[in-house]
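# I would like to see how this sequence folds:
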Amino acid sequence: MDPSDSRYPVPSRPHRVEEVIRKSRFITAGARATDGEAAQAFIESIRREFPDATHHCWAYVAGPPGDTASVGLSDDGEPHGTAGRPMLTTLLHSGVGEIVAVCTRYYGGTKLGTGGLSRAYSGGVKLLLETLTTQLRVDRITALVTVDYGSIDALHRALPEIEAEIREEDYGERVECQISLPRENEGSLIEIVAGVTKGGGIVRVL
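Residues are numbered from 1 along each chain as shown. Got it, this is the predicted structure:
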């Protein structure tokens with residue numbers, strides 16, 4: 001997916017899965033992370049929930065799917081490159097954006113080796129993603145639209161075509177509407193207002 005796309009799936013709610021691999025218990029938890037701070041807050045919440053765990057390895061992509069502008073990872077004491085990196089790679093190729101994953105491990109006494117660890121941590125994230133519920137993220141903007149009274153009904157009828165919603169209306173000398181809409185439809189809103197007002201409307205993006 002192109003990182004510039006304004007619509008992409010994101011986690012709709014926190015989710016977790018669990019599996020036992022050669023006596024080690026792996027609990028993989030995921031949630032939405034709109035930025036690095038949100039990711040760290042989720043990671044800390046998992047640490048507090050499982051304070052006696054051997055490791056809390058994590059990775060996050062706090063942006064569009066595949067975008068590496070805001071990412072993070074940690075092996076948390078596991079051999080370098082065996083946990084955070086495979087987790088991050090799996091997230092980057094998942095098609096899901098704004099996501100953080102924490103894999104909590106309770107060591108069971110049997111070493112997995114570097115290859116086994118990488119498979120366990122990436123596998124935990126894959127298992128999480130298989131049952132993760134998502135919602136579509138839409139980058140929305142707010143526009144202030146001013147029209148005459150004679151144009152307001154036509155404006156109301158046209159807005160659903162561009163997924164726009166009126167949040168507030170102020171009836172003064174003219175009608176001033178505060179409208180929420182997907183960023184990608186800004187140009188369409190300008191065209192609609194120009195059409196229903198014969199060029200007499202005003203659109204100002206807040």
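# Check the spacing between the residue lying closest to Thr133 once chain neighbours are set aside and Glu98 real quick.
Nearest residue to Thr133, sequence neighbours excluded (C-beta to C-beta, 6 or more residues apart in numbering): Ser12, at 4.8 Å. The C-beta positions use only the backbone N, C-alpha and C, and glycine is treated the same way. Per C-beta to C-beta, to the nearest Å, Ser12 is found 11 Å from Glu98.
# ok, these two, which is more surrounded?
Set Ser12 next to Glu98 and count neighbours by other C-beta atoms under 10 Å: Glu98 wins out with 24 against 12.
# contacting residues around that one?
10-11, 32-34, 61-64, 137 (C-beta atoms under 8 Å, 6 or more residues apart in numbering).
# List buried residues within these.
10-11, 32-33, 61-64, 137 (16 or more other C-beta atoms under 10 Å).
# and the residue nearest to Thr133, what are its phi and psi?
Here is the backbone geometry of Ser12 (degrees, to the nearest 10): phi -90, psi -20.
# For it, give me the pLDDT.
On pLDDT, Ser12 comes in at 91.
# and what of Met1?
Looking at Met1, its pLDDT reads 41.
# thinking again about what came up before, now do the shared contacts for Ser12 and Glu98.
Arg32.
# So which bits of the helix or strand encompassing Asp153 are buried?
Using DSSP states H and E, Asp153 sits within helix 152-158. For helix 152-158, a neighbour-count test (16+ other C-beta under 10 Å) marks 152, 155, 158 as buried.
# What of stretch 177-189?
Counting neighbours by 16+ other C-beta under 10 Å, the buried set in stretch 177-189 is 177, 179, 181-182, 184-186, 188-189.
# which ones among those are found in strands?
Among the buried residues of stretch 177-189, the residues falling in strands (DSSP state E) are 177, 179, 181-182.
# which of these lies closest to Lys198?
Nearest to Lys198, judged by C-beta to C-beta, of these is Cys177 at 17.5 Å.
# The closest one bridge partners, please.
Per DSSP bridges, the residues bridged to Cys177 are Val145, Glu169.
# Pull the contacting residues for it.
When contacts are counted by C-beta under 8 Å, 6+ apart, Cys177 touches 144-147, 152, 155, 166, 168-170.
# are any of those residues buried, and which?
Buried, going by 16+ other C-beta under 10 Å: 145-147, 152, 155, out of those.
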